[in-house]
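Asks: Fold the following and give me the result.
(one chain, ligands or ions: 1)
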Amino acid sequence: MTDHYAVIGNPIAHSKSPLIHAEFARQTMQDMAYTAILAPLDGFAAAVKKFQAEGGKGLNVTVPFKQEAWKLASRLTERARLAEAANTLKFEEDGTILGDNTDGAGLTRDIAENRGIPIAGKRVLLMGAGGAARGVLLPLLLQKPGELAIANRTPEKALVLERHFAAYGPLEGGDYARLAKRQFDIVINATSSSLSDQLPPLPEGVFAAGSLAYDMMYGKGLTPFLQFARQNGAAHLADGFGMLVEQAAESFFLWRGVRPQTSAVIAKLKQL
Ligand code: ATR
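Replies: Okay, here's the model as predicted:
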């Protein structure tokens with residue numbers, strides 16, 4: 001019998017998830033269907049319950065519902081609990097809902113496995129302190145970076161994250177100005193600046209020799225952040241396509257117990 005999954009959000013038409021999961025299902029020969037659901041802004045919980053009642057097995061959750069999904073889940077993985085957001089729901093046989101957040105695992109897998117850049121021992125800078133940053137912090141810290149700095153325009157929000165995740169590794173939050181004269185091996189843009197073609201106020205000297213600049217945004221080409229990184233000595237530039245496919249693979253694994261191959265799917269998405 002075909003198992004049903006979907007991605008739910010608002011808007012949803014732009015989502016690449018149906019294409020990615022169709023590729024995964026074909027490749028791993030899983031009997032499943034994966035569609036997209038547009039939920040009304042005030043109708044997320046009702047749409048989830050309807051999908052579950054119709055026999056759906058799981059959902060990916062995207063903007064703006066990740067926090068609502070977190071609240072709706074009966075149980076949470078530790079990474080979802082700390083992220084305070086869920087991008088994956090799994091409907092268990094007993095009717096309960098497991099909430100997970102696979103974004104951070106997607107990011108760290110793309111950096112460490114696909115690009116072969118270990119995070120352990122590295123000086124890591126994470127820009128932004130919104131939902132996107134919060135979603136990746138625990139998996140980043142579990143990779144045991146030498147240090148992890150969070151920079152945000154509104155420094156108080158970075159300090160809140162510092163306190164929230166302090167037990168999990170060497171973490172410090174604050175503004176951008178404090179980064180002057182410091183260098184990092186991995187600089188990750190988790191702000192929404194690339195959406196509006198803006199550049200976070202990053203000092204020029206932050207890119208260490210051989211460093212990686214990673215923009216979690218995808219489909220925007222060379223963003224202002226990636227251009228700035230290239231001009232200021234970053235050795236490797238990455239957009240968010242790898243993370244997008246890897247977070248999907250992690251959800252697929254949670255649902256199906258099978259880990260799909262991702263490299264061909266990443267290449268295909270970049271071509272489109
Ligand atoms: P998301 O869920 O994508 O993280 P969000 O919660 O609205 O969205 O957070 C947006 C993040 O991008 C915030 O950290 C925001 O900084 P502030 O908290 O200071 O507003 C950051 N951001 C957005 N535009 C930015 C820009 N042009 N430069 C630097 N940071 C920016």
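Asks: can you map out the strands along the stretch 101-250 of the chain?
Replies: 123-127, 147-151, 171-174, 184-189, 207-215, 236-238 (DSSP state E, counting those that start in this stretch).
Asks: Out of those strands, which gets nearest to the ligand?
Replies: Comparison of the strands of the stretch 101-250 of the chain against the ligand by Cβ to the nearest ligand atom identifies strand 123-127 as nearest, at 6.7 Å. For every residue, glycine as well, the C-beta is placed using N, CA and C.
Asks: picking up where we left off before, including mean pLDDT, could the strands of the stretch 101-250 of the chain go into a markdown table?
Replies: Below are these laid out as a markdown table (pLDDT from 0 to 100):
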| stretch | mean pLDDT |
| --- | --- |
| strand 123-127 | 98 |
| strand 147-151 | 98 |
| strand 171-174 | 98 |
| strand 184-189 | 98 |
| strand 207-215 | 98 |
| strand 236-238 | 98 |
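Asks: buried ones in the helix ranked longest in the chain?
Replies: Secondary structure assigned by DSSP state H gives helix 241-256 as the longest helix of the chain. For helix 241-256, burial by neighbour count (16 or more other Cβ atoms under 10 Å) applies to 241-252, 254-256.
Asks: Just the C-alphas of that helix, formatted as CSV.
Replies: Coordinates of the C-alpha atoms in helix 241-256 are reproduced here as CSV (Å, rounded to 0.1, in the frame of the first residue of the first chain):
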residue,chain,number,x,y,z
PHE,A,241,20.9,23.7,-1.9
GLY,A,242,23.0,21.0,-0.1
MET,A,243,21.4,21.8,3.2
LEU,A,244,17.9,21.7,1.6
VAL,A,245,18.4,18.2,0.2
GLU,A,246,20.2,16.9,3.3
GLN,A,247,17.5,18.0,5.7
ALA,A,248,15.0,16.2,3.4
ALA,A,249,17.1,13.1,3.4
GLU,A,250,17.2,13.2,7.2
SER,A,251,13.3,13.5,7.3
PHE,A,252,13.1,10.6,4.8
PHE,A,253,15.4,8.5,7.1
LEU,A,254,13.2,9.3,10.1
TRP,A,255,10.1,8.1,8.2
ARG,A,256,11.4,5.2,6.1
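Asks: For the following helix or strand past that helix, the averaged confidence score.
Replies: On the C-terminal side of helix 241-256, the closest following helix or strand by DSSP states H and E is helix 263-271. In this model, helix 263-271 carries a mean pLDDT of 95.
Asks: Helix 263-271 - contacts with which helices or strands?
Replies: Packing partners of helix 263-271 (3 or more Cβ pairs under 8 Å, 6 or more residues apart in numbering; DSSP states H and E): helix 17-28, helix 241-256.
Asks: relative orientation of that helix and helix 17-28 in degrees?
Replies: 150 degrees (axes from the mean of the first three to the mean of the last three Cα atoms, to 10 degrees).
Asks: tell me which residues of helix 263-271 are tucked away?
Replies: Neighbour-count burial for helix 263-271 flags 265-266, 269 (criterion: 16+ other Cβ under 10 Å).
Asks: Spell out the secondary structure type for Arg79.
Replies: helix (DSSP: H, G, I helix; E, B strand; the rest coil).
Asks: quick one: contacts for it?
Replies: Listed by Cβ atoms under 8 Å, 6 or more residues apart in numbering, the contact partners of Arg79 are 100-101, 104-105, 138-139.
Asks: contacting residues for Pro170?
Replies: Going by Cβ under 8 Å, 6+ apart, Pro170 touches 145-148.
Asks: how about JSON lines for these, with neighbour count and distance to the ligand added?
Replies: As requested, the contacts of Pro170 are arranged in JSON lines below (neighbours: other Cβ atoms under 10 Å; distance: Cβ to the nearest ligand atom, whole Å):
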{"residue": "Pro145", "neighbour count": "24", "distance to the ligand": "20"}
{"residue": "Gly146", "neighbour count": "13", "distance to the ligand": "23"}
{"residue": "Glu147", "neighbour count": "16", "distance to the ligand": "20"}
{"residue": "Leu148", "neighbour count": "27", "distance to the ligand": "16"}
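Asks: Which pair of the residues you listed spans the longest distance?
Replies: Farthest apart among the contacts of Pro170 by Cβ to Cβ are Gly146 and Leu148. That separation is 8.5 Å.
Asks: thinking again about what came up before, make JSON lines from the helices and strands packed on helix 263-271 and add distance to Val160 to it.
Replies: Converted to JSON lines, the helices and strands packed on helix 263-271 look like this (distance: least, Cβ to Cβ, whole Å):
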{"stretch": "helix 17-28", "distance to Val160": "30"}
{"stretch": "helix 241-256", "distance to Val160": "24"}
